[in-house]
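1. Return a 3D structure for these sequence lines:
(2 chains)
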Amino acid sequence: AQSVTQLGSHVSVSEGALVLLRCNYSSSVPPYLFWYVQYPNQGLQLLLKYTSAATLVKGINGFEAEFKKSETSFHLTKPSAHMSDAAEYFCAGRRGGSQGNLIFGKGTKLSVKP
Amino acid sequence: KAGVTQTPRYLIKTRGQQVTLSCSPISGHRSVSWYQQTPGQGLQFLFEYFSETQRNKGNFPGRFSGRQFSNSRSEMNVSTLELGDSALYLCASSLGPGQGPEGTEAFFGQGTRLTVV
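-> Purely as a prediction, here's the structure:
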């Protein structure tokens, strides 16, 4: 069965520091993977997606993620954190192929210190 | 292009009542999915509709139901509300099957915050 695991429920970085949010997936089929961001009392905003076209995926707001099949990972990074990046981030995969329902990780809350 | 619209944004209901939530997808999107978000369980899939047909269903009791109209708008209904139904209910729209990689993207609305007292 497909599952998505996010390591670390809370990550704190200083403004200007590297952001690294970890996501691992388990699946027996090629994955469709996504990162979403959620600000308080808001819905989910799509940051980026992996659909097997390229292993390094660039998204909005300077975020990118690298798909590593050997490590079953899809970690999210940003070279320099900004105060406005403080939010909760969710990694998600589609169950059973491109049109399956989304399965979400538990989320990682990112804090950015001035 | 307008995004996904969910109404109402906030609801307070009493235990035992029923509630209907509405979702208008992005124009041209034919697939609508519903998710429940709670602090304890995180984001959980409720059901998905495509072309007025339920394509997929999560592991929720029969009190949770939904439907989709010919214009792709969707509603979900929860009957006999329980305190544990208090949650943020999120609707997501996507193009639907057969649309290539873009069809896999799901765009979410702002959600409806349901509080059961």
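
2. and the most centrally placed residue in chain B, what are its bridge partners?
-> Centrality entry for chain B: nearest residue to the mean C-alpha point is B:Trp34, 2.8 Å, by CA atoms, centre = their mean. Counting by DSSP bridges, B:Trp34 forms beta bridges with B:Phe47, B:Cys91.

3. where are the low-confidence patches of the chain?
-> All of this refers to chain A. Counting by pLDDT under 70, the ranges of chain A that qualify are A:1, A:28-30, A:97-98.

4. I was thinking of chain B, sorry if that wasn't clear
-> Applying pLDDT under 70 to chain B flags residues B:1, B:99-101.

5. If we use 80, what do you get?
-> Counting by pLDDT under 80, chain B contains low-confidence residues at B:1-2, B:97-104.

6. Tell me the residues of chain A that contact chain B?
-> Proximity of chain A to chain B, by CB under 8 Å from any CB of the partner chain, involves residues A:32, A:34, A:36, A:41-46, A:49, A:51, A:53, A:90, A:92, A:94, A:98-107. The way it works is simple: take the backbone N, C-alpha and C, and place the C-beta from them, glycine included.

7. Might one say that the residue nearest to the centre of chain B is in contact with B:Gln6?
-> No. Under the criterion of CB atoms under 8 Å, B:Trp34 makes no contact with B:Gln6, lying 9.9 Å away.

8. what residues do the two have in common as contacts?
-> Common contacts of B:Trp34 and B:Gln6 (CB atoms under 8 Å, 6 or more residues apart in numbering or on different chains): B:Cys23, B:Tyr89, B:Leu90, B:Cys91.

9. Around chain A, which positions in chain B sit nearby?
-> Near chain A, the residues belonging to chain B are B:4, B:6, B:31, B:33, B:35, B:42-43, B:45, B:48, B:55-56, B:58, B:90, B:92, B:96-97, B:101, B:103-111, B:113 when assessed by CB under 8 Å from any CB.

10. One more pass at 7 Å, please.
-> Within chain B, the positions lying close to chain A (CB under 7 Å from any CB of the partner chain) are B:33, B:42-43, B:45, B:48, B:56, B:90, B:97, B:101, B:103-111.

11. In strands only, show me these.
-> Secondary structure of the residues of chain B next to chain A is defined by DSSP state E; positions in strands are B:Ser33, B:Gly42, B:Leu43, B:Phe45, B:Glu48, B:Asn56, B:Leu90, B:Phe107, B:Phe108.
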